[in-house]
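Trainee: Give me coordinates for this.
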Amino acid sequence: MTGSLRPPARAGSVLALAVLVLLALQLLAHGALLLARTEWASSLAGLRLLQARAGADAAVIVAQAGGSEAGDSVAVFGATPAVRGTLEGHPFSGRMRRLSREYWLVEGWGRSRGERWGVTTRRLVWVLEPRARIAAARGGVEVGGILLGRDAVAFDPERPAFCAPWWAALDSLVTADVWGHAAGLGSPGAGEPSLGRLGAADLASSLPGLAATWGTPAPATALGRCDPTSPWNWGDPTHPGGPCAEHLVAGSVSGDLVLEGGVGQGVLVVGGNVDLAGARFDGVLLVGGALTLRDGAEVRGMVRVGGDLDVGEGSRILGSPCRALRALEASRGSFRRPVPVSEVGVLEGGA
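Mentor: Residues are numbered from 1 along each chain as shown. Model prediction:
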């Protein structure tokens, strides 16, 4: 035989194709591995970011809860001591910085365990401050509806001894001209029960509900001492040296309130109408509906009425920043809830 045996040309092509396929599979496997590693790194980074953010949010909550208790001990532009802790082992710290009497910047910083970087969250909140509320009042009486008996609204010239710690502040914050008149608020409902950013619902949830809404408040004693457990014991503003002179009420009513004689002092938030017949009340009276004073009734302090105000003959309202401030200070613990300023929202950044 003169010829030689040679493999077909097609066998070489198949081998080359197989090599190319193996190379492509290797490249695909390598790419998949790189993609998996990238996804893993991205997921881990996202997890650590969430851990840091959760820590910052926790710091804001903790700082907010304890910082607002500081109150007047923190000067404007000062800050509360930093609070520190961990969330599932991830460290955080936070504090509150006072921007004004009632506005605070809450700052929280969180870090994922083992990382050097962190996340900072900032939130603007409002916390009621009694003196600021007194300074913000447009008058001793604020009325959303019609006022009958404007001449029966005047300034209270008395300077009770219990207000001695605040006289210097009050003299710089208020004037008899403002607190001796009634300010119209333009429309019914404009004077609904509110204190700054605390609306009617906030106030109602902050204060206990009154056990009774029709009756005669009067000081009650047991063994010569004031009995604060009596539902109609609202203190005694008429006898400064009496057993119940230092007792003040703080309560809310969703409907109407009717007082027939008697005396009381403190903070009352009423969603409906109030009828005072021969009764005296000192402090802060916030009424969502109408307020009627008759038969020699008297209110001394700060009054805010959402509806109409009718001050009958022989009755009067005396604007008293001193008595209003005392009532707010006594109830300050009930109103010390930070209110987020929704217009600003939450500010977040790295740290």
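
Trainee: and residue 310, what does it touch?
Mentor: Applying C-beta atoms under 8 Å, 6 or more residues apart in numbering to residue 310 gives the contacts 148-149, 290-294. For the C-beta atoms, the positions are set from N, CA and C on the backbone; glycine is no exception.

Trainee: Arrange the residues you listed in a markdown table, one row each, with secondary structure and neighbour count as further columns.
Mentor: Putting these into a markdown table (DSSP: H, G, I helix; E, B strand; the rest coil; neighbours: other C-beta atoms under 10 Å) gives the following:
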| residue | secondary structure | neighbour count |
| --- | --- | --- |
| 148 | strand | 12 |
| 149 | coil | 17 |
| 290 | coil | 21 |
| 291 | strand | 31 |
| 292 | strand | 21 |
| 293 | strand | 26 |
| 294 | strand | 16 |
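
Trainee: Go through these and name the one nearest residue 156.
Mentor: Distance to residue 156 across the contacts of residue 310 (C-beta to C-beta) is lowest for residue 293, with 15.1 Å.

Trainee: Now that that closest one has come up, it's in contact with residue 299, right?
Mentor: Yes - using C-beta atoms under 8 Å, residue 293 is in contact with residue 299, at 6.9 Å.

Trainee: who touches both of those two?
Mentor: By C-beta under 8 Å, 6+ apart, the residues touching both residue 293 and residue 299 are 276, 316-317.

Trainee: Let me have these in CSV, adding neighbour count and distance to residue 330 as columns.
Mentor: Putting these into CSV (neighbours: other C-beta atoms under 10 Å; distance: C-beta to C-beta, whole Å) gives the following:
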residue, neighbour count, distance to residue 330
276, 26, 21
316, 19, 24
317, 25, 20
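
Trainee: Which strand or helix spans residue 333?
Mentor: If you go by DSSP states H and E, residue 333 is part of helix 332-335.

Trainee: So which elements touch that helix?
Mentor: In terms of contacts (3 or more C-beta pairs under 8 Å, 6 or more residues apart in numbering; DSSP states H and E), helix 332-335 is packed against helix 200-206.

Trainee: what comes up buried for the helix it packs on?
Mentor: For helix 200-206, a neighbour-count test (16 or more other C-beta atoms under 10 Å) marks 200, 202-204, 206 as buried.

Trainee: do stretch 248-267 as well
Mentor: Under 16+ other C-beta under 10 Å, the buried positions of stretch 248-267 are 248-253, 256-259, 261-267.

Trainee: can you check stretch 134-149 too?
Mentor: Of all the residues in stretch 134-149, those buried under the rule 16+ other C-beta under 10 Å are 134-135, 137, 139-145, 147, 149.

Trainee: can you give me the end-to-end distance of it?
Mentor: The straight-line separation of the ends of stretch 134-149 (C-alpha to C-alpha, to the nearest Å) is 24 Å.

Trainee: Residue ranges in the protein under the pLDDT threshold?
Mentor: Where the chain drops to pLDDT under 70, the residues are 1-12, 30, 33, 36, 39-41, 44-45, 67-71, 187, 189-192, 344-351.

Trainee: pull the longest helix from it.
Mentor: In the chain, taking DSSP state H as the definition, the longest helix is helix 9-67.

Trainee: before we move on, back to that, which ones among the shared contacts of residue 293 and residue 299 are found in strands?
Mentor: 276, 316-317 (DSSP state E).

Trainee: Nearest to residue 183 among those?
Mentor: Among those, residue 317 lies closest to residue 183 (C-beta to C-beta), at 12.3 Å.

Trainee: ok, for residue 331, nearest residue in space, not its chain neighbours?
Mentor: residue 250 (4.3 Å; C-beta to C-beta, 6 or more residues apart in numbering).

Trainee: That neighbour is in contact with residue 208, isn't it?
Mentor: Yes - assessed by C-beta under 8 Å, residue 250 is found in contact with residue 208 at 7.3 Å.

Trainee: and the helix holding residue 333, C-alpha only, in CSV?
Mentor: Only the C-alpha atoms of helix 332-335 are listed here, as CSV (Å, rounded to 0.1, in the frame of the first residue of the first chain):
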residue,chain,number,x,y,z
ARG,A,332,-44.6,69.7,83.5
GLY,A,333,-43.9,66.0,83.9
SER,A,334,-47.1,65.1,82.1
PHE,A,335,-46.3,67.3,79.1
